[in-house]
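Trainee: Sequence and predicted structure below; questions after.
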Amino acid sequence: METTAVKQHAITYLVRQARRPRGVVGWMAGWVFDLRPSNRQRNKWAVSLLDVRPTDRVLELGFGPGVAIAEFAERATHGQVFGIDHSRAMVRHAARRNAVAIRAGRVHLTQASVAQLPSFGAPLDAVLAVNSVGFWPDPVERLRELRRVLRPEGRIALVSQPRTPGATRDTTVRAARELEDLLTRAGFTGLRVETLDFEPPVACVLAINPGGTTA
């Protein structure tokens, strides 16, 4: 019984660290995420789907170790790249990865919650969130707020790779449908789904902001 309790405590702790990495363990979690080739490939694939242009202003929500932020910076060479993450450990990790672009004033990383978006100064062209929507409070309202900071015809990409034990292709299909429903309820249009053939597969749901404000 005691062994089971210890295992359950360890699992709970690891899940908490995955959701909000903190301290030395949080830093190590970011390092592990950074080293996994599948995570890096998944993030670069998601960025490629947003068709980022050199002058674009883009935002990533929950940027983790900053892989997608770096990819955005390589594409938006004359634009601005913003990132928010509620983990101080991840902000530090991503800041080291993107130090040159930060010093050049092209990348801006903030420790913040999706429920309290900072000011971005001007409308955004594209938004990305990878495996984070499930942690958002009231995700439909959060998506409506993102519509307010996106320019008309701005793009959004929500990515999900289910990590539950026994996850399959069907699990990914269901996750994609849930993201489509959230985006539709928030007023986004032009939805399409792309899939990356991992185990389990990765789904990316893309959509367009039909206007600058919510209905």
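Mentor: Yep, it's here. Numbers count the residues shown, from 1 in each chain.
Trainee: Residue 157 contacts residue 49, doesn't it?
Mentor: Yes - taking CB atoms under 8 Å as the contact criterion, residue 157 and residue 49 are neighbours in contact, 5.8 Å apart. (C-beta placed from N, C-alpha, C; glycine too.)
Trainee: Please enumerate the shared neighbours of these two.
Mentor: In terms of CB atoms under 8 Å, 6 or more residues apart in numbering, residue 157 and residue 49 are both contacted by the residues 204, 206.
Trainee: higher neighbour count, the two?
Mentor: residue 157 (22 against 17; other CB atoms under 10 Å).
Trainee: Need the distance between the two termini of stretch 75-93.
Mentor: Length of stretch 75-93, first residue to last, CA to CA, to the nearest Å: 21 Å.
Trainee: so how far is that stretch off the chain centroid?
Mentor: For stretch 75-93, the distance from its own C-alpha centre to the chain's C-alpha centre is 11 Å (CA atoms, centre = their mean, to the nearest Å).
Trainee: do the same with stretch 181-193
Mentor: Put simply, stretch 181-193 sits 17 Å off its chain's centre (CA atoms, centre = their mean).
Trainee: quick one: buried residues of that stretch?
Mentor: Along stretch 181-193, the positions that meet the burial threshold by neighbour count (16 or more other CB atoms under 10 Å) are 182-183, 186-188, 191.
Trainee: And for stretch 38-49?
Mentor: Along stretch 38-49, these residues count as buried under the neighbour rule (16+ other CB under 10 Å): 39-40, 42-43, 45-47, 49.
Trainee: Just the mean pLDDT for it, thanks.
Mentor: Mean pLDDT, computed over stretch 38-49, is 94.
Trainee: Which residues does it contact?
Mentor: So stretch 38-49 is in contact with 33-34, 67-68, 71-72, 75, 128, 130, 157, 159, 161, 194, 196, 198, 202, 204, 206, going by CB under 8 Å, 6+ apart.
Trainee: for residue 184, what are its contacts?
Mentor: Contacts of residue 184 were listed using CB under 8 Å, 6+ apart, and they are residue 191.
Trainee: Can you dump the C-alpha atoms of the helix or strand hosting it in CSV for me?
Mentor: When secondary structure is defined by DSSP states H and E, residue 184 falls within helix 169-185. These are the backbone C-alpha positions of helix 169-185, laid out as CSV (Å, rounded to 0.1, in the frame of the first residue of the first chain):
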residue,chain,number,x,y,z
ARG,A,169,-4.9,7.5,-33.7
ASP,A,170,-8.5,7.6,-32.6
THR,A,171,-7.5,9.6,-29.5
THR,A,172,-5.8,12.2,-31.7
VAL,A,173,-8.9,12.3,-34.0
ARG,A,174,-11.1,13.0,-31.0
ALA,A,175,-8.7,15.7,-29.7
ALA,A,176,-8.7,17.4,-33.1
ARG,A,177,-12.5,17.5,-33.1
GLU,A,178,-12.6,19.0,-29.6
LEU,A,179,-10.2,21.8,-30.8
GLU,A,180,-12.3,22.4,-33.9
ASP,A,181,-15.4,22.8,-31.7
LEU,A,182,-13.6,25.3,-29.4
LEU,A,183,-12.4,27.4,-32.4
THR,A,184,-15.9,27.3,-34.0
ARG,A,185,-17.5,28.4,-30.8
